[in-house]
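Participant: Sequence and predicted model, in that order:
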Amino acid sequence: MEKMEFEPVIGLEVHAQLKTDTKIFCNCSTSFGAPPNTHTCPVCLGMPGMLPVLNKKVVEYTIKMALATNCKIEHESRFARKNYFYPDLPKGYQISQYELPIAQFGYIDIEMGDYSKRVGITRIHMEEDAGKLSHDPGRSISFVDFNRTGIPLMEIVSEPDIRSPEEAGNYLRQLRSIVRYLGICDGNMEEGSFRCDANVSVRAIGAEQFGTRAELKNLNSFKHVEKALHYEIKRQKEIIFEGGKVVQETRLWDPVANRSMSMRSKEEAHDYRYFPDPDLLPLVIDEDWIEAVRETLPELPSEKKKRFITEHGLPSYDADVLTASLATANYFEDCLKIFPESKTVSNWIMGSLMGLLNAEGKAIEQSPISSQNLAQLLRLIKEGVISGKIAKVVFEGMAKTGKSPDKIVKEKGLVQVTDVSAIEEIILKVLADNTKEVDDYRNGKTRLLGFFVGQVMKKTKGKANPKIVNEVLKEKLGK
């Protein structure tokens, strides 16, 4: 086949586990880590005659997400039964929403560096999770744990507006930031509380009709999503170039082998035989309820980013990093209450602090250095009590001990030397010990100034005030 240009068409289905205390249709606990099959009851196990009762908090959380993503909230929606047979599904069906979801026709805007893009949201609906199977590698048996059965999920289905794996990753990061800001989901992809399936196809550039799509599963990190999409786009292009046809199927991503494998042919909606759940009444939401929920919405990531740029004068990149998580944004603003120099605070958070947290595998909520202590450290630098070089030593001490910078400076005797006469005495000694370098400097090799500064700092163990050192050196050297 003659080579032609293709573009990917990507749509994402995200399942977010809602942070409620109880399940969606019963009072069983949603807490993680309990012994198998201990958080179950006749309702979530689908025993005959047991009726589900909708958890109001699940509805409120879903309304929050719908408002945050500019969706139209339906005043009446219905629950449906999605019928299929699998060992982890005790009822033989999953309660979900199909024809009449709670919210539709929304969007979020994503920033891609040199361009921005609006990604449409087809629908948001509520559903219950299935159980969990674990397989014994030594025997041909599997175990089922129904603790997850009935855990409340919110599914967010995007329009096929995404055109690259990088856009997909950015869209997912934005969604995760939103659910975390709202406090409705912890957004942990590795633990499965924020899961993504990707539908991807390729088509000739300029074509209006979509190609045959494959659905990718087992995408439990942003990196895996992007890698899997790159692989699948390449795989589909190669099939077409070789004269073959892409088949509609579900494929499983193997992050170890960095490849996808066919699982099964992709089911269509009619294969699930959806029908309205006869045990659940239609869900009616009035405007008063919607407005009451709207009043509880926090400042969202995009709004906070704009404010950080306008109010704090930060570059767009800094604002984007600092607002990616609510905890980081709060840490930044807490620092500003003590040390109101936004760019300096931003640099230290994005540099030294995030470097420390990444190395230790910690979130900012687990930081050994409090926002108050970091701000106090920056104040000590600003006031000339310690130098920037000494500040790094103090920072390491804060990270190891959790102590305040004032205490570490006092304990280690790290106060910066600002006595001009004391510094002058050390400089005269350095110049006397390096007469050749002094002559070379005076003969035009002015870059040797750095050498002299280094010698002075070495003798003072980094405690001399660099500004004073530079001024006195230039005076004594005659330039």
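Facilitator: That came in fine, so what should we check first?

Participant: List the residues that contact the residue nearest to Gly313 when sequence neighbours are not counted.
Facilitator: Distances taken as Cβ to Cβ, 6 or more residues apart in numbering place Ser342 nearest to Gly313, at 6.1 Å, with adjacent residues excluded. The C-beta positions use only the backbone N, C-alpha and C, and glycine is treated the same way. Counting by Cβ atoms under 8 Å, 6 or more residues apart in numbering, Ser342 touches Phe308, His312, Gly313, Leu314, Leu336.

Participant: Name the helix or strand for the residue positioned nearest the centre of the chain, please.
Facilitator: Among the residues of the chain, the smallest C-alpha distance to the mean C-alpha position (Cα atoms, centre = their mean) belongs to Arg173, namely 5.0 Å. Using DSSP states H and E, Arg173 falls within helix 165-182.

Participant: tell me how far whichever helix or strand comes after that helix is from the chain's mean position?
Facilitator: Where DSSP H and E defines the elements, the next helix or strand beyond helix 165-182 is strand 194-204. On the basis of Cα atoms, centre = their mean, to the nearest Å, strand 194-204 is displaced by 20 Å from the centre of the chain it belongs to.

Participant: likewise stretch 188-196?
Facilitator: For stretch 188-196, the distance between its averaged C-alpha position and the chain's averaged C-alpha position is 11 Å (Cα atoms, centre = their mean).

Participant: Can you give me the end-to-end span of that stretch?
Facilitator: The straight-line separation of the ends of stretch 188-196 (Cα to Cα, to the nearest Å) is 11 Å.

Participant: mind listing what Lys57 touches?
Facilitator: Taking Cβ under 8 Å, 6+ apart as the criterion, Lys57 is in contact with Leu18, Thr20, Asp21.

Participant: Same question for Glu365.
Facilitator: Going by Cβ under 8 Å, 6+ apart, Glu365 touches Ala327.

Participant: Just to be sure, it is in a helix?
Facilitator: Yes - applying DSSP: H, G, I helix; E, B strand; the rest coil, one finds Glu365 inside a helix.

Participant: So for it, what's the pLDDT?
Facilitator: At Glu365, the pLDDT value in this model is 94.

Participant: Drop anything exposed from the contacts of Ser342.
Facilitator: Of all the contacts of Ser342 considered here, the ones buried according to neighbour count by 16 or more other Cβ atoms under 10 Å are Phe308, His312, Leu314, Leu336.

Participant: Columns secondary structure, pLDDT and distance to Lys467 on top of the residues you listed, output as TSV?
Facilitator: Formatted as TSV, the buried ones among the contacts of Ser342 follow (DSSP: H, G, I helix; E, B strand; the rest coil; pLDDT from 0 to 100; distance: Cβ to Cβ, whole Å):
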residue	secondary structure	pLDDT	distance to Lys467
Phe308	helix	97	31
His312	helix	96	27
Leu314	coil	96	27
Leu336	helix	97	25
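
Participant: Tell me the one among the residues you listed nearest to Leu414.
Facilitator: Using Cβ to Cβ, Leu336 is the member of those that sits closest to Leu414, with 25.1 Å.

Participant: Can you give me every residue that contacts that closest one?
Facilitator: His312, Ser342, Val345, Ala375.

Participant: Identify, from the buried ones among the contacts of Ser342, the entry nearest to Arg273.
Facilitator: Distance to Arg273 across the buried ones among the contacts of Ser342 (Cβ to Cβ) is lowest for Phe308, with 49.8 Å.

Participant: The closest one is in contact with Leu314, isn't it?
Facilitator: Yes - in this structure, Phe308 sits in contact with Leu314. The criterion is Cβ atoms under 8 Å, and the distance is 5.0 Å.

Participant: Need the residues touching each of those two.
Facilitator: Joint contacts of Phe308 and Leu314 (Cβ under 8 Å, 6+ apart) are Leu322, Ser342.

Participant: per-residue confidence at Leu51?
Facilitator: The pLDDT attached to Leu51 in the predicted structure is 95.

Participant: How about Gln416?
Facilitator: pLDDT at Gln416 comes out at 61.
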